[in-house]
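Colleague: A structural model of the following input is requested.
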Amino acid sequence: MLIKKTINKQQIYNKVKKYNIYIAYLEEILSLLYWDDRVTMPKLANEYRGKQIAILTEYIHKLKTSKKYKNLINLLDENDYEKYSEEWVNIKWWKYSYERSSKIPPKLMSKLSNLIPISINRWEKAKEHKPTSLKDPYLKEYMNYLEKIIEINKEFISLWGYKSEPYQALLENYEYSFIPSEIESIFNNLLIKTKELIKKYYDKSQKAKDILKGDFDIKKQEEFCKFLVKSIGFTEDFSRLDPTSHPFATSISPKDIRITTKYVQNDIGNSIFGTLHELGHAIYDYNLPEEHFGQPKGDAISLSVHESQSRFWENIIGRSISFWNYFYPHLSIYFDIFKNYDITDFVKAANKIDLQPIRIESDELTYNLHIILRFNIERKIFNENLKVKEIPELWNDLFYKYFDYKLSNYSEGFLQDVHWAESLFGYFPTYTLGNIIAAQIYYKIKSELNLNELISKGDFSKIIEYLKENIHKHGMTYTTKELIQKITNNNIDSNYLYNYFEEKYSILF
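Modeller: Modelled structure (predicted):
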């Protein structure tokens, strides 16, 4: 006599949940390896670290794509649960993640993981050399690795498939809600508005005193940035701040958030605003619901929303008069030079429009032109098979078109970012989407809190709590589009960002 086993879906759900938490611990070990690579690891350890990362990445990939795991999640159906419940969210994203991961052979993932640390190393050497010719040996070596990375990404695209265009398959790694043509429409509107603002305010902004440039002791910069982070509410009990060449933030565990920044002796703005940017990421990571650790319900929605948090703290709060009403007297204690100027001088300098080649050193307004340029090139690489050797000159041509500025070497151009060396194609557009989302959220918060008064007092707890309640605590419950609609009662709209700039510049300049 055959006895039919009753499937206990709750037991299966709990088993899958436990399995994913185990994977999350491994991914955090991987994050620690990456952090160490960028912050404390000796240079000669580069290739061995690449192998360590490749082995762990391949193992994680195998866990995510195993037949046993597939059989378990296939027994679950998100539609058996209420929409937006923990189970509905987790099952939906587990299945989506499995579908994506299972299409990529572990050996291909391992091959990419092995290439990336070497590619980054070759990128650093090429960038340091400041090449002006495609025949430069350092450049040729890096471009050889870049070509390999692009080819692997093209394999990913063919394995994943796509609905609208090849580039969409890569964009989906970082932003699931939007297809590239939607982003193109948003960016085209922003491009027009940005050029209007440049025409209107560029000359006026040049009158700002350039007081962020000078000779600023690195140790004092470090002390001030640590004071800044602590004052906003991030203590050394669960975080740390370290120097690096290309700043980032990462979560090693819910109680271990690492922030990095870059200190430049002749530019204090670099470290201050870079630190605030990474702090924004760190606040999001720290406020994700710990009870849902290792699950989609406890993970960040998208890179666009993550960037909205970093840009919110770096720019909307960090470059405001209210912020410096509180912090400028403290800054003047660390650096006597600022006693010769007033707060308005500092804020004008922090908001000066600067048509310059380096994205991470650009001003808040023209930053978006840098992103639009990269977005357009990435689409050409994957939609139109733009060759690697054609990238440098296309970059230079587009830069001249947007900025009316001729680049002097490739380090000022396509070599300035580490993203492509790291295989982060599709990442760039999330920066500007994040700027737009940050502006929309700013107007919403301003309608509910006395924002400027809180900031002027150095009281950031209510602001952080608002962001936690409305964004962070939801994890991946909503898509980016759904979340923005839920918070602001509107679709994503670049006009919010335009209005924010117009209001600020009309007061400052």
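Colleague: contacts, neighbours, all on C-alpha from now
Modeller: Noted.
Colleague: so how far is stretch 294-303 off the chain centroid?
Modeller: How far stretch 294-303 lies from its chain's middle: 15 Å, per C-alpha atoms, centre = their mean, to the nearest Å.
Colleague: quick check: mean pLDDT across it?
Modeller: Mean pLDDT, computed over stretch 294-303, is 97.
Colleague: First-to-last residue distance for that stretch?
Modeller: 18 Å (C-alpha to C-alpha, to the nearest Å).
Colleague: Find the residue at the geometric middle of the protein.
Modeller: Glu307 (4.9 Å; C-alpha atoms, centre = their mean).
Colleague: residue ranges of the strands in the stretch 151-300 of the chain, please?
Modeller: Along the stretch 151-300 of the chain, the stretches classed as strands by DSSP state E, counting those that start in this stretch are 239-243, 249-253, 256-261.
Colleague: In this protein, where's the longest helix?
Modeller: Assignment by DSSP state H gives helix 9-39 as the longest helix of the chain.
Colleague: Could you give me the buried positions within that helix?
Modeller: The neighbour-count check on helix 9-39 (16 or more other C-alpha atoms under 10 Å) flags 13, 16-17, 19-21, 23-24, 26-35, 37-39 as buried.
Colleague: ok and that helix relative to strand 249-253, angle-wise?
Modeller: Calculated by axes from the mean of the first three to the mean of the last three C-alpha atoms, to 10 degrees, helix 9-39 forms an angle of 130 degrees with strand 249-253.
Colleague: about what we covered before: which residues touch the residue nearest to the centre of the chain?
Modeller: By C-alpha atoms under 8 Å, 6 or more residues apart in numbering, Glu307 lies in contact with 281, 430-431, 433-435.
Colleague: Now the longest helix of the chain: average pLDDT?
Modeller: Mean predicted confidence for helix 9-39 is 96.
Colleague: got it, and stretch 471-484?
Modeller: So the average pLDDT for stretch 471-484 ends up being 97.
Colleague: show me where the stretch 251-400 of the chain has helices.
Modeller: Ranges of helices in the stretch 251-400 of the chain, per DSSP state H, counting those that start in this stretch, are 268-287, 303-311, 321-334, 343-350, 367-383, 391-403.
Colleague: Return the most buried member of those helices.
Modeller: helix 303-311 (a mean of 27; mean count of other C-alpha atoms under 10 Å).
Colleague: and that one, how far from the chain's centre?
Modeller: Distance, centroid of helix 303-311 to centroid of chain: 6 Å (C-alpha atoms, centre = their mean).
Colleague: tell me the domain boundaries of this structure?
Modeller: 9-163, 180-508 (automatic domain parsing).
Colleague: Apart from its chain neighbours, what residue comes closest to Ile150?
Modeller: Leaving out its chain neighbours, the residue that sits closest to Ile150 by C-alpha to C-alpha, 6 or more residues apart in numbering is Ser423, at 7.5 Å.
Colleague: Tell me how far the one you found lies from Asn153.
Modeller: 8 Å.
Colleague: Repeat that for Thr432.
Modeller: For Thr432, the distance to Asn153 - C-alpha to C-alpha - is 23 Å.
Colleague: the more surrounded of these two?
Modeller: Each of Thr432 and Asn153 has its neighbours counted (other C-alpha atoms under 10 Å); Thr432 has more, 26 against 20.
Colleague: Now that one: closest residue in space that isn't a chain neighbour?
Modeller: Thr432 sits nearest to Asn368 (C-alpha to C-alpha, 6+ apart), 5.8 Å away.
Colleague: residues contacting Ile471?
Modeller: Going by C-alpha under 8 Å, 6+ apart, the list of residues near Ile471 reads Leu483.
Colleague: Give the phi and psi angles for it, as a check.
Modeller: When read as degrees, to the nearest 10, the backbone of Ile471 gives phi -130, psi -60.
Colleague: From Tyr478, how far out is it?
Modeller: From Ile471 to Tyr478 the distance is 10 Å (C-alpha to C-alpha).
Colleague: ok, now Lys204?
Modeller: 42 Å.
Colleague: what's the neighbour count on Leu365?
Modeller: Count around Leu365 with other C-alpha under 10 Å applied: 21.
Colleague: Can you tell me how far it is from Phe346?
Modeller: Taken as C-alpha to C-alpha, the span from Leu365 to Phe346 is 17 Å.
Colleague: do the same with Tyr25
Modeller: 44 Å.
Colleague: mind showing which ranges of the chain have poor pLDDT?
Modeller: Applying pLDDT under 70 to the chain picks out residues 1-7.
Colleague: which other residues reach the helix or strand following the longest helix of the chain?
Modeller: Proceeding N to C from helix 9-39, the next assigned helix or strand is helix 46-64, under DSSP states H and E. By C-alpha under 8 Å, 6+ apart, the residues outside helix 46-64 that reach it are 23, 26-27, 30, 33, 37, 69, 98, 101-102, 106-107, 109-118, 121.
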